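[1] sequence unavailable; structure follows:
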């Protein structure tokens, strides 16, 4: 067996190399092993933010606006306990993520709406009137 040095300069353990990290993780609890994907659409009336978060609960989301910094976070703690005879097994899981976005000055921050349905968190961020696209017009020459 050869010791492999990884790019983050951590020395791997025998079990990590042999079994891989996924072998130790309960897949039911491993719903947030990476940052959720986010799409941001800019249309004439508003910005629309969609965050893919399937299997999560809306009660665990927190959306906070501090000046022009919009922060979307998620925290969930769960634990399981199995007791068989003289043996008790307890497992604790903690899943969380946080994404922050700087909003332009041209949004109506007091009118932001959010909803969570079908595994997607949607935020509608309306634009101020002066930021909305104006229809094209012809300018006469004098």
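    Thanks, I have the structure now. What you see is a predicted model, and the numbers here were worked out from it, not measured in a lab.

[2] where exactly do the helices run in the chain?
    Using DSSP state H, the helices of the chain run over residues 14-19.

[3] where do the strands sit along it?
    38-42, 46-52, 61-66, 69-84, 87-102, 113-117, 120-126 (DSSP state E).

[4] which of those sits closest to residue 137?
    Closest to residue 137 of these, according to CB to CB: strand 38-42, at 22.1 Å. (Glycine included, C-beta is placed from N, CA and C.)

[5] how far is the closest one from where the chain is centred?
    13 Å (CA atoms, centre = their mean, to the nearest Å).

[6] that one packs against which elements?
    strand 46-52 (3 or more CB pairs under 8 Å, 6 or more residues apart in numbering; DSSP states H and E).

[7] what does stretch 56-69 rub up against?
    Outside stretch 56-69, the residues that touch it by CB atoms under 8 Å, 6 or more residues apart in numbering are 31-32, 53, 70-76, 100-105, 109, 112, 114, 116, 119, 121, 123.

[8] if you set the cut-off to 6 Å instead, what comes out?
    Identification of contacts with stretch 56-69 by CB atoms under 6 Å, 6 or more residues apart in numbering yields 71-76, 100, 102-103, 109, 114, 116.

[9] reformat the residues you listed as CSV; add pLDDT, neighbour count and distance to residue 63.
    Formatted as CSV, the contacts of stretch 56-69 follow (pLDDT from 0 to 100; neighbours: other CB atoms under 10 Å; distance: CB to CB, whole Å):
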residue, pLDDT, neighbour count, distance to residue 63
71, 94, 13, 7
72, 93, 21, 5
73, 92, 14, 8
74, 91, 21, 10
75, 89, 13, 13
76, 85, 16, 16
100, 92, 11, 11
102, 93, 8, 15
103, 92, 15, 12
109, 91, 14, 12
114, 95, 15, 6
116, 94, 16, 10
